[in-house]
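[1] Predicted coordinates and the sequence they were generated for:
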Amino acid sequence: MAVALLGVVGLGMSYSLGRGLVAQKFAKGQSLMVQEIRAELLNAGMPSGCAATGTTTATVNFNLATGLTAQEATRTCTVQSVLVQIGAQERDAKLPLVKYESQVGTLLGPGTLTLGN
């Protein structure tokens, strides 16, 4: 009886460890994707690739690590006119709204990874 209970406890621990490792793999993949998007925004700037007006959509490929690429990410950029008011002064300005979406599979976990401002 003790051996059977020990076996069940051992299987439960193995299952928990396996689920933890899978969750860690998904978290690492998502972290790499976020790092790549941040690097692109730092190097190219947020409005880079945005049209002066309207919405622009482009496909971006990211190399997450040596020999590891993610699925294509869709970069959507919409430029909106906003009114900025400081004290008694008002000025028109353009605000780029940038959103990245990637249909994630086994590397990043199930679902869609979406980052935007």
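    Looks like it arrived, so ask away.
[2] any chance you could map the strands in this structure?
    Secondary structure of the chain (DSSP state E): strands at 54-60, 63-65, 68-69, 73-86, 89-104, 111-116.
[3] Could you check the angle the fourth one makes with strand 89-104?
    Relative orientation of strand 73-86 with respect to strand 89-104: 160 degrees, computed using axes from the mean of the first three to the mean of the last three CA atoms, to 10 degrees.
[4] what lines up beside strand 73-86 in the sheet?
    Next to strand 73-86 in the sheet, as set by DSSP bridges, lie strand 54-60 (antiparallel), strand 89-104 (antiparallel).
[5] between those strands, which gets nearest to L17?
    Closest to L17 of these is strand 89-104 (CB to CB; 23.4 Å). Placement of C-beta: from N, CA and C, glycine included.
[6] Report the rounded mean pLDDT for the closest one.
    In this model, strand 89-104 carries a mean pLDDT of 84.
[7] what sits up against it?
    Contacts to strand 89-104, defined as CB atoms under 8 Å, 6 or more residues apart in numbering, come from residues 29-30, 33, 37, 41, 46-47, 50, 52, 60, 70-85, 108, 110-117.
[8] Please point out which parts of that strand sit buried.
    96, 98, 100-102, 104 (16 or more other CB atoms under 10 Å).
[9] Stretch 8-20 now?
    Under the neighbour-count criterion of 16+ other CB under 10 Å, stretch 8-20 has nothing buried.
[10] and it, how far from the chain's centre?
    30 Å (CA atoms, centre = their mean, to the nearest Å).
[11] what sits up against it?
    Residues outside stretch 8-20 that contact it (CB under 8 Å, 6+ apart): none are found.
[12] among the strands paired with strand 73-86, which is nearest V22?
    Nearest of the strands paired with strand 73-86 to V22, taken as CB to CB: strand 89-104 at 13.7 Å.
[13] ok and that closest one relative to strand 111-116, angle-wise?
    160 degrees.
[14] Any quick PyMOL command for the buried ones out of the contacts of strand 89-104?
    Entered in PyMOL, the line below selects the buried ones among those, by 16+ other CB under 10 Å:
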select buried, resi 29+30+33+37+50+70+73+75+77+78+79+108+113+115
